[in-house]
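>>> Need a 3D model of the following:
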Amino acid sequence: MPALAGLMAGCSPLGALNALGPRDSGAGRVARGLAYGSEDRQRFDLFAPADGADLPVVVFFYGGGWDSGSRDVYGWAAQALAARGFLVALPDYRLSPDVHFPAFIEDAALATAAAADVAARHGGDPARLAVSGHSAGAHLAMMITLDPRYMAGVERPDLIRAAAGLAGPYDFLPFDVAASRNAFGRTPDPTLTQPVTFARADAPPVWLAHGTEDSTVHAEDSEILHARLSELGAPSTLRLYEGLNHADLIATFSPLFRRKAPVLDDMAAFLSGVLT
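Numbers count the residues shown, from 1 in each chain. As a prediction, this is how the structure comes out:
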């Protein structure tokens, strides 16, 4: 059973890369603060390669224990992915304790639909869209991919063509730490909060990545979800990165740490292969 005690603490130092670290050239922010709802946190930015056209679209959700995080400090990660040839949407979403499950999952679905709606204006192809995320963001991405009710609720049931999760919590019952209790503890049926509950044979292709030294969300989560999808005959790929911890997995998106492991290249290759 995964340990979530350090989920927020494991992600927050990554924000320093936004201010201090180098960024990938050849891509940048092309839109800022686009609304997908009326709340302050229902906004997203777009990143794209220079002179990009007919680009596959990736919606990226940052982590932070469902109670912290901001798109303002994850632009470096979105820009790194955009430099690989994608139009990347980077949404904020409402957080615990102001909201509770399923509000942030509903936000993820709304943001994904809104990104598809504006993609063509910025060189993207909404017919080739994937969702992705790190940590709690990977949880959001897998929930809207595997539980069809969320995208059906925004009238886009077939929009998501693939999903990529980095160090995500997918099977974390019981709620035994503050982050999970605050975000999910009021749910009458806790199994409805778990991506593994909704593994299905007709799921879009899924790519799951985890570091073997992750003590925040154990690699067991990705192994369990991969095994369940594979048992059902769904297309699932599991990549375990030797020696990487929870923060390492997303930190490798930065040029400063990219030599640690080819996480960004592997994820981009998966997404390109599926979306083209």
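
>>> ok, which stretches of this protein are strands?
27-35, 43-49, 55-61, 87-91, 124-134, 160-166, 206-211, 236-241 (DSSP state E).

>>> Quick one: residues in contact with the second one.
What it means is strand 43-49. Strand 43-49 is contacted from outside by 26-36, 55, 71, 75, 78-79, 81-83, 85-92, 111, 114-115, 118, 122-124, using C-beta atoms under 8 Å, 6 or more residues apart in numbering. Any C-beta I mention is one placed from the backbone N, CA and C, and that applies to glycine too.

>>> Leu229 is nearest to which of the strands of the chain?
strand 236-241 (3.9 Å; C-beta to C-beta).

>>> chain center to that closest one, what's the gap?
Distance of strand 236-241 from the chain centroid (C-alpha atoms, centre = their mean, to the nearest Å) equals 15 Å.

>>> Same question for stretch 81-94.
Chain-centre distance of stretch 81-94: 10 Å, with C-alpha atoms, centre = their mean.

>>> Would you map the helices across the stretch 51-200 of the chain?
Ranges of helices in the stretch 51-200 of the chain, per DSSP state H, counting those that start in this stretch, are 75-82, 103-119, 136-146, 149-153, 178-184.

>>> now for the ones you listed, which one comes closest to Ile224?
Per C-beta to C-beta, nearest to Ile224 of the helices of the stretch 51-200 of the chain: helix 136-146, 11.9 Å.

>>> Can I get the closest one in CSV, CA atoms only?
What follows is helix 136-146, C-alpha atoms only, in CSV (Å, rounded to 0.1, in the frame of the first residue of the first chain):
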residue,chain,number,x,y,z
ALA,A,136,-1.6,14.0,-7.7
GLY,A,137,-1.7,15.3,-11.2
ALA,A,138,-1.2,11.8,-12.6
HIS,A,139,-4.2,10.8,-10.4
LEU,A,140,-6.3,13.4,-12.0
ALA,A,141,-5.2,12.4,-15.5
MET,A,142,-5.9,8.7,-14.9
MET,A,143,-9.3,9.3,-13.3
ILE,A,144,-10.6,11.3,-16.3
THR,A,145,-9.1,8.7,-18.6
LEU,A,146,-10.4,5.6,-17.0
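
>>> The chain should start at 224 in everything you say after this.
Renumbered: residue one is now 224, and that last one reads helix 359-369.

>>> Quick one: distance of it to the chain centre.
The answer for helix 359-369 is 6 Å, by C-alpha atoms, centre = their mean.
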